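Colleague: quick check, what structure comes out for this input:
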Amino acid sequence: MVKTQLLLSAALLASANAFSANQMPTNDVAAATAGRRDFIKSATIGAAAILASPTMASAVVEVPEQVKSYDFPGNWGLTYKYDEDAEKVRAHMYTATTLAKGAENMEDFGKNMKKEMVDFVSYYRRFPAVAGKPSFSTLYTSINVLAGHYTSYGYKYPLPEKRRKRLYQEYAEISKSLKRGR
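Modeller: Purely as a prediction, here's the structure:
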């Protein structure tokens with residue numbers, strides 16, 4: 001939304017520049033002022049073009065089909081090693097996002113998932129070295145989305161397609177960050 005507004009603003013500036021009178025400066029002060037205006041116009045258009053380009057979070061990610069049968073994990077809980085815990089929570093969240101309505105043990109999975117997410121955030125947000133990592137902030141955002149869904153709709157209802165797509169994009173970003181040690 002913001003990118004669209006910036007792009008439209010840049011287009012408006014460019015069209016205003018195209019229809020403005022091209023006056024020749026008569027002295028050095030006027031030339032300097034015109035030069036600054038031209039620089040500001042071109043810098044604004046360049047910044048808008050950069051901001052309008054797609055970011056990593058908007059990369060195309062394949063959204064898998066929802067499933068009703070899956071392997072129920074037995075490794076719930078934290079090991080208190082950030083990289084292992086972050087990957088495990090991400091993997092469990094990925095599975096939770098994939099579940100379809102009527103999946104076996106969906107309510108139990110959701111309850112275990114919410115407890116694991118709360119434990120993860122409660123423990124790791126206390127450490128500035130961890131809380132500043134990009135993987136943590138993106139995982140925290142994903143946890144808020146999934147926990148909010150559980151709070152609003154309960155554990156028996158699958159996530160809507162739009163929310164699933166956003167979560168899968170975030171899961172891909174978390175994996176990349178964890179592989180880089182970030």
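Colleague: so where's the chain uncertain?
Modeller: For the chain, applying pLDDT under 70 flags the ranges 1-59.
Colleague: all helices of it, in order?
Modeller: In the chain, the helices defined using DSSP state H lie at 2-19, 28-52, 82-98, 106-124, 128-131, 134-153, 161-179.
Colleague: helices and strands around the fourth one, which ones?
Modeller: Here helix 106-124 is seen to pack against helix 82-98, helix 134-153 when contacts are counted using 3 or more CB pairs under 8 Å, 6 or more residues apart in numbering; DSSP states H and E. Every residue, glycine included, has its C-beta placed from N, CA and C.
Colleague: same question, the third one
Modeller: The elements that helix 82-98 packs onto, with contact taken as 3+ CB pairs under 8 Å, 6+ apart, are helix 106-124, helix 134-153, helix 161-179.
Colleague: can you list the neighbours in contact with the second one?
Modeller: Spelled out, it's helix 134-153. 82, 86, 89-90, 93, 96-97, 110, 113-114, 117-118, 120-121, 124-125, 130-131, 157, 159, 163, 166-167, 170-171, 173-174, 177-178, 182 (CB atoms under 8 Å, 6 or more residues apart in numbering).
Colleague: what's the answer for stretch 154-163, then?
Modeller: Against stretch 154-163 from outside (CB under 8 Å, 6+ apart): 63, 66, 97, 99-101, 103, 106-107, 109-111, 114, 145-146, 149, 167.
Colleague: for it, measure first residue to last.
Modeller: 15 Å (CA to CA, to the nearest Å).
Colleague: in it, what's buried?
Modeller: Y155, P158, L159 (16 or more other CB atoms under 10 Å).
Colleague: ChimeraX command for the buried members of the contacts of helix 134-153?
Modeller: What follows is the ChimeraX syntax for the buried subset of the contacts of helix 134-153, where burial is set by 16+ other CB under 10 Å:
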select :82,86,89,90,93,96,97,110,113,114,117,120,121,124,130,159,166,167,170,171,173,174,177,178
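Colleague: would you confirm that A131 contacts Y124?
Modeller: Yes - A131 is within contact range of Y124, at 6.9 Å (criterion: CB atoms under 8 Å).
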